[in-house]
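> Below are the sequence and a predicted model; questions follow.
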Amino acid sequence: MFRRFDKPGRPRRPRPKRPEVPREVFEARIEKMVQGGEGMARLPDGRVCFVSGALPGELCKVAVTFTKKDFARGHVVEVLEGANPDRVEARCPLYGKCGGCSLQHLDSEKQAEYLAQVERENFRRIARIELPESFTVHTGPAWGYRNRARVVVVCDQAGDKPIVRFGFRKQESNSVALFKNCPVLTPALNDFLQGRAREIFAGKFRLGREMEVNLFDNGAGEISYYYEGMPAREFSENAVSVAEICGKKIEADASVFFQSNLALLPALVQAVRDAVDEGLASDESSDEWLIDLFSGVGFFAAMLMDKFKRVTTVEREEKCLKHAEVNLSASRDNKVENVSAPAEEWLAQNVVNIPATLIVDPPRTGLPKEALDAIAASSVNRLIYVSCHPVTLARDTAVLAQSGFKIRRAEAFAFYPQTPHLEMMLVLAR
């Protein structure tokens with residue numbers, strides 16, 4: 001969640017083309033919502049079909065756009081009967097075209113409830129584990145929340161003047177859906193794009209060329225940006241920013257991944273702090289050592305370091321490590337060690353022999369086998385797992401359960417309203 005290095009200016013590889021199929025239209029009853037926010041239905045031949053834009057209970061006319069032997073994908077052409085009472089009109093004119101915000105047809109107030117049901121089923125199916133009854137999804141503003149975005153800058157010319165426009169990649173495509181105002185971006189980002197950004201990017205890129213630019217609103221009215229090939233001086237002046245979160249100043253830059261919803265971020269910080277305090281109070285973990293794996297810019301370590309005698313962050317991306325050194329520099333007794341290494345390799349080579357407090361925040365692929373094996377062999381009895389992909393979290397939870405870990409707490413965070421993405425935090429103990 002706080003560690004991936006983005007390279008927004010590098011041309012994307014063309015998406016692999018899906019097999020061409022005749023455009024078939026079927027009537028299908030939607031059974032339930034599944035991971036990714038699609039509705040699940042069955043075609044007349046018995047195959048499962050994942051339907052975008054559908055909601056449970058609806059009888060839909062479905063256009064099949066992708067097919068394989070055992071499943072298909074499609075989208076809603078028309079709701080024929082039984083429209084779900086939680087269905088609403090999409091707010092954005094680019095809904096169904098832009099690659100984001102695919103849940104706009106579902107009432108904002110209901111999205112967390114549906115996503116929670118999806119994750120409960122994922123854990124039953126993948127991990128054979130029931131999430132606790134107390135499983136909670138934290139929510140924030142449904143619109144105008146997104147502090148971070150990657151936009152496509154398109155430079156054209158009308159007469160003698162360059163014209164700068166902005167867009168997002170379309171669904172399953174490298175083409176661009178242009179927009180003037182995005183309803184999920186913060187007002188500050190929209191104002192920036194409609195004003196100063198046009199002056200900044202006019203003339204920076206060749207006419208007729210598209211470039212991807214990372215933008216970040218630090219919540220205090222300051223916008224930072226980054227594009228591939230950005231000169232060092234411009235980078236230092238315009239890419240680096242500081243956001244104040246829960247009383248801590250956190251430095252990052254627009255070229256590295258950082259949380260995109262600052263309004264909801266304090267809820268995650270509080271949940272992690274509570275989990276740490278419970279572990280220390282129960283003696284399942286120790287204040288001797290905090291280990292923060294996949295630590296990115298050192299976010300969690302910065303929030304927690306006052307509680308521990310020793311802190312180790314492990315991150316392989318050098319850009320993130322430079323910010324971590326700044327964010328953890330408040331430690332005056334040299335108790336902080338920032339390690340440059342793949343997290344799984346470091347953990348395998350440093351099997352922990354004290355009941356340290358361990359936080360992991362891996363990418364979407366989840367924990368590598370080496371990391372899971374090292375945790376099982378260590379003296380760590382309590383693990384805080386922050387995940388941006390609940391499916392791999394469920395998979396890893398099943399593996400950790402074989403070493404005696406059980407879920408003590410489960411919380412989720414709807415950091416991306418209008419989308420099916422949900423981040424989760426599990427506390428696992430043995």
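Structure received. Residues are numbered from 1 along each chain as shown.

> For Glu288, the count of nearby residues, please.
12 (other Cβ atoms under 10 Å). (Glycine included, C-beta is placed from N, CA and C.)

> what's it in contact with, if anything?
Contacts for Glu288 (Cβ atoms under 8 Å, 6 or more residues apart in numbering) come out as Phe308, Lys309, Arg310, Ile354, Ala356.

> rerun at 6 Å
Lys309, Ile354 (Cβ atoms under 6 Å, 6 or more residues apart in numbering).

> Wasn't it part of a strand?
No. Per DSSP: H, G, I helix; E, B strand; the rest coil, Glu288 lies outside any strand segment and is coil.

> Next, find the distance separating it from Arg364.
32 Å (Cβ to Cβ, to the nearest Å).

> And for Glu89?
Separation of Glu89 from Arg364 (Cβ to Cβ) stands at 31 Å.

> More neighbours: the two, which one.
Arg364 (12 against 7).

> which non-adjacent residue is nearest that one?
His389 (4.1 Å; Cβ to Cβ, 6 or more residues apart in numbering).

> With Val184 instead?
Nearest non-adjacent residue to Val184 (Cβ to Cβ, 6+ apart): Arg146, at 4.8 Å.

> The residue lying closest to Leu106 once chain neighbours are set aside: neighbouring residues, count only.
Leaving out its chain neighbours, the residue that sits closest to Leu106 by Cβ to Cβ, 6+ apart is Asp86, at 5.9 Å. Asp86 is flanked by 17 other residues according to other Cβ under 10 Å.

> Break down this protein into its helices, ranges please.
Taking DSSP state H to define them, one finds helices in the chain at 111-122, 187-194, 196-201, 232-238, 265-282, 299-304, 318-327, 343-349, 369-377, 390-401.

> Need the winner for burial among those helices.
helix 299-304 (a mean of 25; mean count of other Cβ atoms under 10 Å).

> what comes into contact with that one?
Phe2, Lys248, Val269, Val276, Leu290, Asp292, Val311, Thr313, Asn327, Leu328, Ile359.

> Quick test: name the residue nearest the centre of the protein.
Cys388 (5.0 Å; Cα atoms, centre = their mean).

> Look up how far Gln157 lies from it.
Distance, Cys388 to Gln157, using Cβ to Cβ: 40 Å.

> Quick check: end-to-end length of stretch 257-264?
17 Å (Cα to Cα, to the nearest Å).

> average pLDDT for that stretch?
When pLDDT is averaged over stretch 257-264, the result is 94.

> next one: stretch 233-244
Here the average pLDDT along stretch 233-244 is 96.

> Stretch 353-369 too?
94.

> For it, what is the distance to the chain centroid?
Here stretch 353-369 shows a centroid-to-chain-centroid distance of 17 Å under the convention Cα atoms, centre = their mean, to the nearest Å.

> can you pull the contacts of Ala254?
Contacts of Ala254 by Cβ under 6 Å, 6+ apart are Asn214, Phe216, Ser224, Tyr225, Tyr226, Ala239.

> low-confidence ranges in this protein?
Residue ranges of the chain with pLDDT under 70: 1-23, 158-159, 332, 334.

> circling back to that earlier point, hang on, the residue nearest to Val184 packs against Ala263?
No. Arg146 lies out of contact with Ala263 (Cβ atoms under 6 Å); the separation is 9.7 Å.

> what distance separates the start and the end of stretch 191-198?
Using Cα to Cα, the two ends of stretch 191-198 sit 11 Å apart.

> Now do the phi/psi pair for Gly296.
Note on Gly296: backbone dihedrals following degrees, to the nearest 10 are phi 60, psi -130.

> since we're on it, how many residues are nearby?
28.

> quick one: it and Val391, what's the gap?
21 Å.

> try Gly46
Gly46 is 25 Å from Val391, by Cβ to Cβ.

> Ala202 now?
43 Å.

> what's the answer for Arg209, then?
37 Å.

> and if you look at Ile407?
Taken as Cβ to Cβ, the span from Ile407 to Val391 is 16 Å.

> Give the full set of residues in contact with Cys49.
Counting by Cβ under 6 Å, 6+ apart, Cys49 has contacts Ala41, Leu43, Ala72, Gly74.

> 10 Å - rerun?
By Cβ atoms under 10 Å, 6 or more residues apart in numbering, the contact set of Cys49 is 26, 28, 30, 38-43, 62, 64, 66-67, 71-74.

> Tell me the bridge partners for it.
Beta bridges link Cys49 to Ala41, Ala72 when assigned by DSSP bridges.

> What separation do you get for it and Ala177?
From Cys49 to Ala177 the distance is 25 Å (Cβ to Cβ).

> Ok, Arg146 next?
16 Å.

> Kindly report the same for Val297.
To Ala177, Val297 is 31 Å away according to Cβ to Cβ.

> Same drill for those two, tell me which one is more crowded.
Looking at Val297 and Ala177 with other Cβ under 10 Å, you find the greater number of neighbours at Val297, namely 29 against 18.

> pretty sure that one contacts Lys249?
No. Look at Val297 against Lys249 with Cβ atoms under 10 Å: they stay out of range, at 11.7 Å.
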